[in-house]
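Q: coords please:
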Amino acid sequence: MSAWLRQLPNSISAFRIALVVPIGIAIAHRTWPIAIGLIVIATASDGLDGFLAKRFGWQTPLGALLDPAADKLLVATVFVTLAVQGGVPLWLMAAAVGRDLVIVTGALAYRLRFGPLRVRPRAVSKLNTLCQLGFVLCVVVRREIGWPPAWAEITLGATTLVTTTVSGIDYVLTYGRAAREAARAEAVE
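A: Numbering: from 1, shown residues only. Sure, this is the predicted structure:
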């Protein structure tokens, strides 16, 4: 197996990180067709890198950092930029960005105290990312063509809030459980 192919998922994640700034600029300038295209590419690449890594066993420690970093940077950029423009309620932006800050802070605290934390993304987290990206895509598409209807945007926003909250709580419980187990293991040694 070519070493280059093994790094393909990492390259796709890095590409998604590189899309964050152009997406933010497109939204800030209200160039909706460009924003829509870039968000669709970023969303598709998120699915593609994960599929390739799992299907062919191309998971790497770098990929374990790049993929979630790309997701968090994209979500934060899009939610903040849209919130500044009034396209996303501030409370929903705060929930989405706050969840990611809690996850990153928890992971860093665990790493500093106990070492690397091996947590696989759970189904609710993947669903949350899909809902968040679906919601922001809906918001941006509505700005360009007036479709889908407002009720669809509201429903996706509510679903995003629920999955963001449930996913955030799930991560806090998961990190907390892992920290308790690590502390007990240290105490036994």
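
Q: switch to C-alpha atoms for all contacts and neighbour counts from now on
A: OK.

Q: report the central residue of this structure.
A: Asp71 (3.1 Å; CA atoms, centre = their mean).

Q: need the pLDDT of that residue.
A: Asp71 carries a pLDDT score of 91 in this model.

Q: quick one: residues contacting it.
A: Under the criterion of CA atoms under 8 Å, 6 or more residues apart in numbering, the contact list for Asp71 reads Asp46, Thr129.

Q: host element of it?
A: Secondary structure assignment for Asp71, by DSSP states H and E: helix 61-84.

Q: which positions in that helix come out as buried?
A: The neighbour-count criterion (16 or more other CA atoms under 10 Å) identifies 63, 66-83 as the buried residues of helix 61-84.

Q: mind checking how far that helix is from the chain centre?
A: Computed by CA atoms, centre = their mean, to the nearest Å, the chain-centroid distance of helix 61-84 equals 5 Å.

Q: same question for stretch 21-33.
A: Shown here is stretch 21-33, whose average C-alpha point lies 19 Å from the average C-alpha point of the whole chain (CA atoms, centre = their mean).

Q: can you show me the CA trace of it as CSV?
A: What follows is the C-alpha trace of stretch 21-33 in CSV, where atoms were taken according to Å, rounded to 0.1, in the frame of the first residue of the first chain:
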residue,chain,number,x,y,z
VAL,A,21,-11.4,30.8,5.6
PRO,A,22,-12.9,30.9,2.1
ILE,A,23,-16.2,29.8,3.5
GLY,A,24,-16.1,32.4,6.2
ILE,A,25,-15.2,35.1,3.7
ALA,A,26,-18.0,34.0,1.3
ILE,A,27,-20.6,34.2,4.1
ALA,A,28,-19.3,37.5,5.3
HIS,A,29,-19.6,38.9,1.8
ARG,A,30,-22.9,37.3,1.3
THR,A,31,-21.7,35.5,-1.8
TRP,A,32,-24.2,32.7,-1.2
PRO,A,33,-23.6,30.5,-4.2
